[in-house]
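Asker: Requesting a structural model of the entry that follows:
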Amino acid sequence: MNRLTATGPVPIVPARYWFLALGLVAIAAAILLWMGRPPICTCGVVKLWTGAVNSADNSQHIADWYTPSHIIHGFLFYLLGWAFLRSNPPGDRLLGAVLIEAGWELLENSPMIIDRYRQTTMALGYSGDSVLNSVADIGWMSLGFALARRLPLGVTILLAIGFELLTLAIIRDNLTLNVLMLVAPIDAIRIWQAGA
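Answerer: Next comes the predicted model:
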């Protein structure tokens with residue numbers, strides 16, 4: 001069955017793939033719990049949104065200023081699937097995207113990456129994500145993947161640029177700077193991000 005869009009038919013991802021994706025998310029959540037990550041914010045509250053970047057609430061709830069980065073992950077993983085798995089069913093590409101994002105959430109919450117974030121990025125007090133936040137991040141990536149499947153390429157690119165500029169203007173950080181500062185930190189950027 002195909003769903004018609006402005007750009008032509010887009011095959012619907014069969015339900016079995018979504019169940020498999022949910023299974024991958026459940027496995028990632030179980031591993032995060034095994035790693036000692038708190039299920040929810042240690043404050044005992046679950047919030048839909050938290051906008052305080054330099055607070056204990058950041059990366060603990062359902063959405064925060066890093067949510068746009070995870071949506072962009074979905075855009076990028078859709079592109080990767082299109083480039084390397086074009087002949088596979090769209091469900092295979094979805095599973096690949098969920099597997100990559102879940103793997104990142106596990107790696108991101110390892111002591112090695114948490115320490116790296118503290119040393120090289122603006123996340124000086126970062127202590128890792130709650131399981132809720134990691135699961136939500138995988139969900140936000142899946143939304144980005146689904147949007148990239150349905151939206152024209154130009155709209156997807158404009159959304160990614162808009163998200164990057166919005167978070168840059170509001171929190172002095174975005175996906176591009178986050179990756180740059182994690183891989184090859186630049187002192188001038190770290191000073192600017194700190195507001196100095």
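
Asker: only C-alpha atoms for contact and neighbour calcs from this point on.
Answerer: Noted.

Asker: Low-confidence ranges, this protein, go.
Answerer: Along the chain, the parts satisfying pLDDT under 70 run over 1-8, 122-124, 196.

Asker: in this protein, which spans are helices?
Answerer: For the chain, the helices defined by DSSP state H cover 15-34, 67-84, 90-108, 111-120, 131-150, 153-171, 175-183, 187-193.

Asker: Please identify the most buried of those helices.
Answerer: Highest mean neighbour count of these: helix 131-150, a mean of 23 (counted as mean count of other CA atoms under 10 Å).

Asker: any idea how far the closest residue to residue 148 other than its chain neighbours lies from residue 145?
Answerer: Spatial nearest neighbour of residue 148, excluding adjacent residues (CA to CA, 6 or more residues apart in numbering): residue 75 at 5.4 Å. From residue 75 across to residue 145, the span is 5 Å (CA to CA, to the nearest Å).

Asker: Residue 139 versus residue 61, what's the distance?
Answerer: 13 Å.

Asker: Let me see the contact set for residue 136.
Answerer: Residue 136 makes contact with 62-63, according to CA atoms under 8 Å, 6 or more residues apart in numbering.

Asker: Let me fix that, I meant to ask about residue 146.
Answerer: Listed by CA under 8 Å, 6+ apart, the contact partners of residue 146 are residue 74.

Asker: Equivalent analysis for residue 156, please.
Answerer: Applying CA under 8 Å, 6+ apart, we find residue 156 in contact with 75, 147-148.

Asker: Now with 7 Å, please.
Answerer: Counting by CA atoms under 7 Å, 6 or more residues apart in numbering, residue 156 touches residue 148.

Asker: what's the spacing between it and residue 163?
Answerer: Residue 156 is 11 Å from residue 163, by CA to CA.

Asker: Repeat that for residue 48.
Answerer: Residue 48 is 19 Å from residue 163, by CA to CA.

Asker: Excluding chain neighbours, give the residue nearest to the residue nearest the centre of the chain in space.
Answerer: By CA atoms, centre = their mean, the chain has its centre lying nearest to residue 70, at 2.4 Å. Closest residue in space to residue 70, ignoring its immediate chain neighbours: residue 141 at 4.8 Å, by CA to CA, 6+ apart.
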